[in-house]
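Colleague: Sharing a model that was predicted from the sequence below.
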Amino acid sequence: MATRLDRTDVVVVGLGGAGGVAVEPLAAAGLDVVGLEAGTRLGPRDFAPDELRNNFRGWPQAAQKCNREVPVHRPNASAPDNPRAPLHVMMNGVGGTTLHYWAQSWRLSPWDFRVVSETKRRYGAARVPPGSTVEDWPFGLDELEPYYDKVEHAVGVSGQAGNIKGVIDPRGNIFEGPRERAYPMPALRGTEFTDLMGATAQRLGWHPFPGPAAVNSEVYDGRSACLYHGFCNRGGCHVSAKNSTAVSTIPRAERTGHLDVVTEAHVTRIDVDGDGRAAGVQYVKGGETYIQPAAVVLLAGYTYENARLLLLSTSAKYPRGLANNHGQVGRHYFTHNQAGAVLALFPRKLNRWYGLPAQGVAVDDFADDNFDHAGLDFIGGGNLWVYSDQRPIAAASMPTFGRAPRWGSQWKSFVMENADRWVNSYLQKTTLPYEDNYLDLHPTVKDPQGDPVIRITADYKDNEKRIAAYIQDKMEQWFVAAGAVATVRQPFGTMGMSTHAYGGTRMGDNPETNVVDRWGFCHEVPNLGVLGASVMGTSGARNPTLTAQALAWRTAEHLAADWRSIAA
Amino acid sequence: MLRRSAALGAVAAVPANVLAQAERAAPYANLTAAEAATLEALVARLIPSDANGPGALEAGAARYIDGALGNALAAQRPVYAAGLAALDAFVRSRGGASFAALPPERQDELIADLEQNRAQGFTPSSSAFFELVLGHTLEGTFGDPHYGGNQDFIGWDLIGYPGLRLAVTADQQRMDAKLEPLRSSAYDHAQFDEHTTAGERDGD
C-alpha cells in the first residue's frame, strides 16, 4: 500500500549536476521543492585519496541505484548485445556525479547551436552527414550566455576569458563566443609540463589556453582553494574545493527553507492525471512505496534514466510512454566521441603524480568550425587537452609503447624507468545524432524491481571516425613537437554507455522531432520539465556539464517566472 | 594527523622478505592452500623479485587478492577457483606436477601461453584469466596498503611514486622536483573514514 504524501509545488527527480542547480532559483523564488535523490549524502570524510576504491571499485560507499540498471549496448539493430558493463559510469548521491567529476566547465561554442545553418551557409547542404537528424538549437549562444554566467558564479568556475564582449584576450580561448564578464576566479595554475606543452603549441602557431573548471583556484564562497593532491579524478574533494552542487547550490537552496531533500528515494514512475498532465511521482524508499503529488515535475536524472522513466510511465493517454506520443523519447541519442586518445612517452620524468584532470592546457584551433573544412570530408572537430593527473596503479598499467612485454623482469625494469615519463591526452570531438542511433527499453534485461533497463543502439558513423583520425594526427604532432619519443593511438571504440550521453529528450520548437520545447518543458505535457544533457541536440567538442546546468537554471527561472501558466 | 604513525614506522623497519615469510605462514582467508600456492607462484612471475628489488609476492599481491575475494571481488571467487584449477590441470597435461612446482623459466613460458590464449581448459579463455590476474596483481602491488597489498610500500617505491600529499605546492609539481617519499595509507589520515572501503560494489 503506497503512502500518499502532501502535495508540493515542484518535485525534482535527481539532485545531481542539473537538478542540483535548478533547486536554487526555484527555492529562492519561494516555491516549495521536494528533491528526490537515489543516493545518500557524502562529505569530505568519504573522499579519501584511495585510487583502488575510487578508480577501480566504483565508489562502494555510495548507494548505487544506478548499478542495478546499467544499460545494455549493441552497435546496431541487427547486432547482438555487447556484454553488460558491471558498473554504471555515473553515481548516485546528493550532488550526483559532480561529486567526483573532472569539473571541466565549458561553454559551448556559437557554432554548436547552429550546426545545420552554418554548415549550409559555409559549405553547402550536402555537407550535413547523411542520416543525421541534427537540427539547429531553438536559440543561439546569446540566449544561453546569461545562464552560463549565473551558473559560473553560483557554482564557482575558474578560468581565463578569451572573449569579453567581443574583445579578444589571447591568454584565453580566442575562439569562444562573447561573454559579458570574466570568470569569477582566475584559471587553475599550470605545471611545468603543461606550460611546456603550451609553449610548444604556440610555436606550432596554435592558441593554447588553460581550461575552465568548477574547482576553486582561490578561496571562493567560503570554501578552500584547490590543493592539487591528485585524487580529483573520480574522487570527491576532501576540502570542498571542487564545486559540486552538493557544496554550492543545494545547501543554499536548503537554507531558504523551501527545499526538502529526500535521500535513497528510487523514483519508479511519473504519474499523470485524467487530463494527461503530470500529477507527481512514485518512489520506493526503504522498501516502502510513496506517492509525491506535485504541481510541476522536473525530471533530472542522467540521460539514460530520463528516457527510461518516461518510457516506463505508460498510461491511457501515453501508451508508448510519457510525452512519447510522437515517438521521440529515446531518439537523437549520442555519446561524446571522446575515446581514441593519443599517449606519449618522453625521455625524462614529467612529475604528473599530483594535480587534477582540470589542471591542463587546451587547444581549440581544430574544434567546431574554428578551421576551414572546405577541403575536408567531415564537419566539426575536436578539443585537445593535456593535463596533470596520474596515480600509481594507473601509472604501472601504462602502455609499453612496443618497448617491453607487459609483465616479468623486463616489464619491471621498463616501468621503473618510465612510469612517470608517459602522458595521456583527452580528445573530445563533435558527435552528431543519427536516425538509427537511439535508446529504448530492453526486451528482457530488467532491474531487481522488474523494470526493463535501457537498451542503447548506437555506433559512430563516418563523420565521427574522420574527426577522430584528424584530431589524433594533431595531438601526435603536438606531443612530438614537445619532445615525445614514442606515441600510441588508442582505438575509437563504439558508442556504448558514456559519462557524456546526450539526447533522448531533445529540445526544439518542432514537436514532431523534439520532446521538450525551448524552455525545457514537454510539448505533450506542459507541467513536466526535463533537465540534463538529454535535452541537448549537439555535443560540441567539450564537456557537457556547464551547458546542462545553464539550461537547468534557465528552465527553473522560467518556471518560477511563469508559475501560474505552467502549474495551472 | 596520522592515525598509526608509530605502527607505520615499525612496519617500515621490517625488511620486506621477512614480512613476506611471516605472511606466508598465516592461512589464506578465502583461497584453499593449493589455490594460494598457485596464485603466489603466478604473481611472483608477473612482477618478479629480481636485481631491481622485491616484486608482487613480497608486496602481498596474492594476500590482497585473497582478501578482496571475500568482499569487493566476491563475484570473482568462482572465476579464480576455475582459473587456478585450469592452470594446474594444464600443467599436468604437459607432464608437470603443479604450476608452483615448476622452475621459473617454465612458469614464464606457461604465463605466455595464458596471455597469448594458447592454454586450453579455461572458460571463457586463458587470456581472460591472465588479464584478470594481471589487473588484480597491479592493484595488489600498487594500490593503497590498507587493502593488504603494497606492503612496505614496495610498489610505490618501485615506480617512484612519492606518496600521498594532501596539499601540493607549485614547486612540488616541477618536473625536476625532488620529493621525499611519504609513506602512508589514506586511512592513516584520521580525517578519512575507513568504513567506506568495506562495502560491496553496489552499496545499499
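Modeller: Received the coordinates, thanks.
Colleague: Contact partners for the residue lying closest to residue A:168 once chain neighbours are set aside?
Modeller: Closest residue to residue A:168 apart from its sequence neighbours, by Cβ to Cβ, 6 or more residues apart in numbering or on different chains: residue A:174 at 5.2 Å. C-betas here are computed from N, CA, C, even on glycine. Residues counted as contacts of residue A:174 (Cβ atoms under 8 Å, 6 or more residues apart in numbering or on different chains) are A:162, A:163, A:168, A:207, A:209.
Colleague: Kindly state the pLDDT recorded for residue A:174?
Modeller: If you check residue A:174, the pLDDT there is 98.
Colleague: Check residue B:11 too.
Modeller: pLDDT, residue B:11: 42.
Colleague: residue contacts, the residue nearest to residue B:192 when sequence neighbours are not counted?
Modeller: Nearest residue to residue B:192, sequence neighbours excluded (Cβ to Cβ, 6+ apart): residue A:48, at 3.8 Å. Neighbouring residues of residue A:48 by Cβ under 8 Å, 6+ apart: A:54, A:231, A:235, A:238, B:186, B:187, B:189, B:192, B:193, B:196, B:197.
Colleague: So residue A:48 versus residue B:186, what's the distance?
Modeller: Distance of residue A:48 to residue B:186, computed by Cβ to Cβ, to the nearest Å: 4 Å.
Colleague: Ok, residue A:484 next?
Modeller: Residue A:484 sits 32 Å away from residue B:186, taking Cβ to Cβ as the criterion.
Colleague: between those two, who's got more neighbours?
Modeller: Applying other Cβ atoms under 10 Å in any protein chain shown to residue A:484 and residue B:186 shows that residue B:186 carries more neighbours, namely 26 against 20.
Colleague: where does the spatially most central residue of chain B land on pLDDT?
Modeller: With distances taken as Cα atoms, centre = their mean, residue B:61 lies nearest the centre of chain B, 1.8 Å away. For residue B:61, the pLDDT comes out at 98.
Colleague: cool, and residue B:18?
Modeller: Looking at residue B:18, the pLDDT reads 49.
Colleague: Check the one 10 residues further on too.
Modeller: In this model, residue B:28 is scored at 95, pLDDT.
Colleague: Hmm, it is touching residue B:68, no?
Modeller: No: using Cβ atoms under 8 Å, residue B:28 is not in contact with residue B:68; the gap is 11.9 Å.
Colleague: now the longest helix anywhere in chain A: mean pLDDT?
Modeller: Counting by DSSP state H, the longest helix found in chain A is helix A:462-481. Average pLDDT, helix A:462-481: 98.
Colleague: any residue of that helix up close to chain B?
Modeller: No: if you take Cβ under 8 Å from any Cβ of the partner chain as the test, helix A:462-481 misses chain B, and the best it gets is 15.5 Å.
Colleague: got the buried residues for that helix?
Modeller: Across helix A:462-481, burial judged by 16 or more other Cβ atoms under 10 Å in any protein chain shown covers A:463-468, A:470-472, A:474-479.
Colleague: List just the nearest of those to chain B.
Modeller: Nearest to chain B, judged by Cβ to the nearest Cβ, of the buried residues of helix A:462-481 is residue A:479 at 15.5 Å.
Colleague: Residues in a beta bridge with the residue nearest to the closest one when sequence neighbours are not counted, which ones?
Modeller: Closest residue to residue A:479 apart from its sequence neighbours, by Cβ to Cβ, 6+ apart: residue A:344 at 3.8 Å. Beta-bridge partners recorded for residue A:344 (DSSP bridges): residue A:423, residue A:487.
Colleague: again with residue A:441
Modeller: Bridge pairing for residue A:441 - DSSP bridges - gives residue A:454.
Colleague: give the contact list for it.
Modeller: So residue A:441 contacts A:308, A:311, A:312, A:452, A:453, A:454, A:455 (Cβ under 8 Å, 6+ apart).
Colleague: Flag every buried residue along stretch A:373-385.
Modeller: In stretch A:373-385, counting by 16+ other Cβ under 10 Å, buried: A:373, A:378, A:379, A:380, A:381, A:382, A:383, A:384, A:385.
Colleague: Take the residues you listed and lay them out in TSV including pLDDT and secondary structure.
Modeller: Converted to TSV, the buried residues of stretch A:373-385 look like this (pLDDT from 0 to 100; DSSP: H, G, I helix; E, B strand; the rest coil):
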residue	pLDDT	secondary structure
A:373	98	coil
A:378	98	coil
A:379	98	coil
A:380	98	coil
A:381	98	coil
A:382	98	strand
A:383	98	strand
A:384	98	strand
A:385	98	strand
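Colleague: Which single one of the residues you listed is nearest to chain B?
Modeller: Nearest to chain B among the buried residues of stretch A:373-385, with distances taken as Cβ to the nearest Cβ, is residue A:385, at 17.4 Å.
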